[in-house]
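> Fold the following, please.
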Amino acid sequence: QVQLVESGGGLVQAGASLSLSCVLSGRTFSTYVMGWFRQAPGKERGFVAAISGTGSVTEYADSVKGRFTISRDNAKNTVYLQMNSVNPEDTAVYYCAGNTYITPATMKDPNYVRSWGQGTQVTVSS
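Residues are numbered from 1 along each chain as shown. Below is the predicted model of the structure:
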């Protein structure tokens, strides 16, 4: 049974930085492509970023490219999302996602996500 647990959400001001973490348990972490999605009120869950099992390949949504960085530490079974220069449009519940035998590009489609975390709220004030 795969379990994903996020942490690091909170309330920040526009222009600030925030870091999210997600720990995977129950499977071999390095075999998993990991990603982050977000869902704002009244909107569908959308792709934010993904990273390959080795960390060598990453994908980003255009809206966060250059501001957000996804990384992973396979020794700690943890994937991170460093969020810089946040703005109110980044306000959402952020979900950690994982799956095997896919690529980071494939993970852009949430239908290819097998495992989800419970979500962590990020609120950006103007």
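> Contact partners for P88?
14, 124-126 (Cβ atoms under 8 Å, 6 or more residues apart in numbering). To be clear about C-beta, it is placed using only N, CA and C from the backbone, and glycine gets the same treatment.
> From the residues you listed, which land in strands?
Taking DSSP state E, the ones among the contacts of P88 that sit in strands are 124-125.
> Who wins on neighbours among the contacts of P88?
Highest neighbour count within these: V124, with 20 neighbours (other Cβ atoms under 10 Å).
> want to throw the contacts of P88 into CSV with distance to A92 and pLDDT?
CSV is the format used below for the contacts of P88 (distance: Cβ to Cβ, whole Å; pLDDT from 0 to 100):
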residue, distance to A92, pLDDT
A14, 14, 98
V124, 9, 98
S125, 14, 97
S126, 15, 92
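> so what's T31 closest to, chain neighbours aside?
Leaving out its chain neighbours, the residue that sits closest to T31 by Cβ to Cβ, 6 or more residues apart in numbering is T100, at 5.2 Å.
> check contacts around the one you found.
27, 31-33, 114.
> and what of A92?
38-40, 43, 121-122.
> what number of residues lie near I102?
For I102, using other Cβ under 10 Å, the count is 18.
> Does it lie in a helix or a strand, and which?
For I102, there is no host helix or strand (DSSP states H and E).
> what pLDDT does it get?
You'll see I102 listed with a pLDDT of 92.
> got the buried residues for the helix or strand containing G35?
Assigned by DSSP H and E, G35 belongs to strand 33-39. Neighbour counts over strand 33-39 (16 or more other Cβ atoms under 10 Å) mark 33-38 as buried.
> Which one of these is nearest to G10?
R38 (14.5 Å; Cβ to Cβ).
> Check the gap between the closest one and E44 for me.
Per Cβ to Cβ, to the nearest Å, R38 is found 10 Å from E44.
> go on, A92?
For A92, the distance to E44 - Cβ to Cβ - is 11 Å.
> Could you say which helix or strand holds the closest residue to Y60 other than its chain neighbours?
Residue nearest to Y60 in three dimensions, not counting chain neighbours: A49, with 5.0 Å by Cβ to Cβ, 6+ apart. Assigned by DSSP H and E, A49 falls within strand 46-51.
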